[in-house]
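**Q** One predicted model, sequence on top.
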Amino acid sequence: MNEDFNTINRECSVCFEDININNIVTTDCNHTFCNTCFFKWIRVNSNCPTCRKDFGISQKDNNIEEQRRILNDLYSRQRQITEFIRRGVVLYDKKESQIKLLEEKKRILQQTIHIQNIKIEEMNNEWIKKRRSIEVEQRMLEMDTEALRSSLTEEKKRVRKNYKKEWSILHSKHPLWKSFINNQY
């Protein structure tokens, strides 16, 4: 390739600028051009800028076919995107209705919880009142029990005192037969 490059005219035949290995284009008819000039020419014409040899496929026809292909791809993508958006909207609407339903359930549950909390608070207050009532009754019973104990103790003392008195009378200096007779008749 170095030999071919050395034998090639190193000047672009369109702009007459120097050509190097990085920007050279060689046609089938062995004419050389710089990249910039050749591609500008080929966009408009499908032949060699020097000898007018036809390269076969018209660049305009090629561009039109490429544009049609691109356009068909774009239409296909547009249909896909439209279908994707339609499905997304349907899914969004479905999710939105589910969210609304869940929010309504959440609201109802919050109301139920609030009502239950009020009932629990009322039950708790009732329990506290009953507990206080029971505590008062328990204290009263304890006081009654203590009063009964002390009255029983007093009664026991009185009974013992009477018993001792009667015992002493029975077992006093009087003979047993006199007291026996006196008590029976």
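**A** Cool, the structure landed.
**Q** can you map out the strands along this protein?
**A** Using DSSP state E, the strands of the chain run over residues 24-26, 32-34.
**Q** tell me what the longest helix seen in the chain is packed against?
**A** As assigned by DSSP state H, the longest helix anywhere in the chain is helix 59-170. Other elements packing on helix 59-170 under the criterion 3 or more Cβ pairs under 8 Å, 6 or more residues apart in numbering; DSSP states H and E are helix 35-44. (Each C-beta comes from the backbone N, C-alpha and C, glycine too.)
**Q** now the helix it packs on against helix 59-170, angle please.
**A** Put simply, helix 35-44 runs at 100 degrees to helix 59-170, going by axes from the mean of the first three to the mean of the last three Cα atoms, to 10 degrees.
**Q** Any stretches of the protein with poor pLDDT?
**A** 1-9, 56-62, 167, 169-185 (pLDDT under 70).
**Q** so of the strands of the chain, which one's packed in deepest?
**A** Neighbour counts (mean count of other Cβ atoms under 10 Å) averaged over each of the strands of the chain peak at strand 32-34, with a mean of 22.
**Q** Which neighbouring elements make contact with that one?
**A** Using 3+ Cβ pairs under 8 Å, 6+ apart, strand 32-34 sits against strand 24-26.
**Q** Give the pairing partners of the strand it packs on; include direction for each.
**A** Next to strand 24-26 in the sheet, as set by DSSP bridges, lie strand 32-34 (antiparallel).
**Q** Would you reformat the strands of the chain as TSV and include distance to residue 48?
**A** Putting these into TSV (distance: least, Cβ to Cβ, whole Å) gives the following:
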stretch	distance to residue 48
strand 24-26	11
strand 32-34	9
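**Q** Quick one: distance of stretch 32-43 to the chain centre.
**A** 61 Å (Cα atoms, centre = their mean, to the nearest Å).
**Q** now swap in stretch 127-147 and tell me
**A** Chain-centre distance of stretch 127-147: 52 Å, with Cα atoms, centre = their mean.
**Q** Mind listing what's buried along stretch 27-40?
**A** Within stretch 27-40, the residues scored as buried using 16 or more other Cβ atoms under 10 Å are 27, 31, 32, 33, 34, 37, 38.
**Q** Could you save the residues you listed as a markdown table and add columns showing distance to residue 76?
**A** Converted to a markdown table, the buried residues of stretch 27-40 look like this (distance: Cβ to Cβ, whole Å):
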| residue | distance to residue 76 |
| --- | --- |
| 27 | 36 |
| 31 | 41 |
| 32 | 41 |
| 33 | 38 |
| 34 | 39 |
| 37 | 37 |
| 38 | 34 |
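**Q** which of those residues lies closest to residue 10?
**A** Residue 10 lies nearest to residue 32 out of the buried residues of stretch 27-40, by Cβ to Cβ, at 8.1 Å.
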